[in-house]
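Q: Sequence plus predicted model, see below.
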Amino acid sequence: MTRRNIAREALDGLKEFSDHVAGKRTRGRTTIVRIPADIDVRALRMRLGLTQEEFARTYAIPLHTLRKWEQRTRKPDQASRVLLTTISRDPKTIERLLASA
């Protein structure tokens, strides 16, 4: 019996999703996807009740990157906005998937 790597499948799905949003051809069916142009990362982190260090560690985001997003000196790129949107909608699932990677 072959063991599934659910975390890898989720990350592959996020990559395909990001490619689709960018207008690249994907193997999936055509859907309209809306990813916010701007995400209040600090508000998301605060809503989850996590420190910067905890959020960065939990979701595999470099701490210095998270701080720049929160200070608004840098904006998350499209793939990062996909991840942040997914975290916002279902943080426990993303946490579980990344923990099993």
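A: Received it, and whenever you're ready, just let me know what you need.

Q: make it CA atoms for all contacts and neighbour counts henceforth
A: Will do.

Q: Which residues outside stretch 58-78 are in contact with it?
A: Stretch 58-78 is contacted from outside by 18, 35, 38-42, 52-53, 55-57, 94-95, 98-99, using CA atoms under 8 Å, 6 or more residues apart in numbering.

Q: ditto for stretch 45-57
A: Contact partners of stretch 45-57, identified using CA under 8 Å, 6+ apart, comprise 61, 62, 63, 66, 67.

Q: The third one: neighbouring residues, count only.
A: This points to residue 63. When neighbours are defined as other CA atoms under 10 Å, residue 63 has 15 of them.

Q: Narrow the contacts of stretch 58-78 to those that are buried.
A: Neighbour-count burial (16 or more other CA atoms under 10 Å) applied to the contacts of stretch 58-78 gives 18, 35, 39, 41, 42, 52, 55, 56, 94, 98.

Q: about what we covered before: I'd like to know which of the contacts of stretch 58-78 is nearest to residue 6.
A: Ranked by distance to residue 6 (CA to CA), the contacts of stretch 58-78 are led by residue 98 at 9.3 Å.
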